[in-house]
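> coords below, sequence missing:
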Ligand code: NAI
């Protein structure tokens, strides 16, 4: 069972939908005070848990981060910010030969520069027991064809390890989770062949759900993960662990 997070203040980016909304809901249920931020100004589609406070923030905007930092400083007083979950992300499924500079910059901006700005802004509010969780991707462990997305997630792994090294002496843990294919708005328009191939190459032979990632995030925020830092945790049914060898194994089994 995931430990309670009563009284902990956490920030989750990209929390208006998909995995971020699921993480916000779970952490709120576990007792955390959740500052859910997203670039979208659309009203949340479901009723929010009373522990969730929603506000608009673009992760690529330094002024937005500075504003949030000032608001949090006033609210937290001398309590540390317990967690920053860098979940916001976008994809753009162009291959290496076709990617345009503007799309490359946009994807790197949200997926890599955004978490860096968030860490810069909010790490000063953290202390012993705090943690940062970056949401990577199975793409960040493989050579997935959407080049900007894949490169951004590989970069996020580097940022994670630098931050874990930098903030370890202050008792701040930094980890990254790597979801496999999860049905959200991001994957709704994925090519059907991509969905089928992902399933065929996943040893657990089923897709993941936002709840699987949220439970992992909740564990990493909690004291139960008190000595876990600099870790990369795939939440992908062994997709990346098997590295495509499932295909060979299945063929050999079939004879
Ligand atoms: P989603 O598209 O449902 O949610 C992403 C959220 O990020 C949206 O609410 C969007 O408005 C927000 N966002 C986009 N740009 C933003 C910005 N500049 N500032 C603040 N918020 C912004 O996608 P999903 O699946 O929930 O993705 C969450 C994370 O999981 C992303 O980092 C994604 O790369 C990662 N991921 C998703 C996988 C999947 O299969 N769905 C697989 C592996 C990783």
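Looks like it came in fine. Here the structure is a predicted model, which is why all the values come from computation and not from measurement.

> Helices of the protein, start to end?
Counting by DSSP state H, the segments of the chain that form helices are 18-29, 62-76, 101-108, 114-122, 147-167, 185-188, 192-200, 210-221, 239-242, 245-254.

> now, of these, which is deepest in the fold?
helix 18-29 (a mean of 25; mean count of other Cβ atoms under 10 Å). Yep, even glycine has a C-beta here, placed from its N, CA and C like the rest.

> per-residue confidence for whatever residue of the stretch 51-200 of the chain ends up closest to the ligand?
Nearest to the ligand, among the residues of the stretch 51-200 of the chain, is residue 89, at 2.3 Å (Cβ to the nearest ligand atom). Looking at residue 89, its pLDDT is 98.

> Likewise for residue 45?
Looking at residue 45, its pLDDT stands at 75.

> returning to that earlier point: please convert the helices of the chain to TSV, extending it with mean pLDDT and distance to the ligand.
Output for the helices of the chain, formatted as TSV (pLDDT from 0 to 100; distance: least, Cβ to the nearest ligand atom, whole Å):
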stretch	mean pLDDT	distance to the ligand
helix 18-29	98	2
helix 62-76	97	8
helix 101-108	98	9
helix 114-122	99	6
helix 147-167	99	7
helix 185-188	94	3
helix 192-200	94	9
helix 210-221	98	7
helix 239-242	97	10
helix 245-254	91	18
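
> Roughly how far does residue 45 sit from residue 54?
12 Å (Cβ to Cβ, to the nearest Å).

> ugh, typo on my part, it should be residue 38
Counting by Cβ to Cβ, the separation of residue 38 from residue 54 is 8 Å.

> pretty sure residue 32 contacts residue 217?
No. In this structure, residue 32 is not within contact of residue 217 by Cβ atoms under 8 Å, at 10.9 Å.

> Test of understanding: give the bridge partners of the residue nearest in space to the middle of the chain.
Centre of the chain computed as the mean C-alpha position; nearest residue by Cα atoms, centre = their mean is residue 135, 2.1 Å away. Counting by DSSP bridges, residue 135 forms beta bridges with residue 177.

> That one contacts residue 18, correct?
No. Counting by Cβ under 8 Å, residue 135 stays clear of residue 18, with 10.2 Å between them.

> okay, now residue 55: neighbour count?
By other Cβ atoms under 10 Å, the residues close to residue 55 number 14.

> wait, what's in contact with it?
Contact analysis of residue 55 by Cβ atoms under 8 Å, 6 or more residues apart in numbering lists 35, 36, 37, 68.

> confidence score at the residue nearest to the third one when sequence neighbours are not counted?
In this case it means residue 37. Leaving aside its chain neighbours, residue 37 sits nearest to residue 57 (3.8 Å; criterion: Cβ to Cβ, 6 or more residues apart in numbering). For residue 57, the model assigns a pLDDT of 98.

> isn't residue 57 right up against residue 12?
No. Using Cβ under 8 Å, residue 57 is not in contact with residue 12, being 10.6 Å away.
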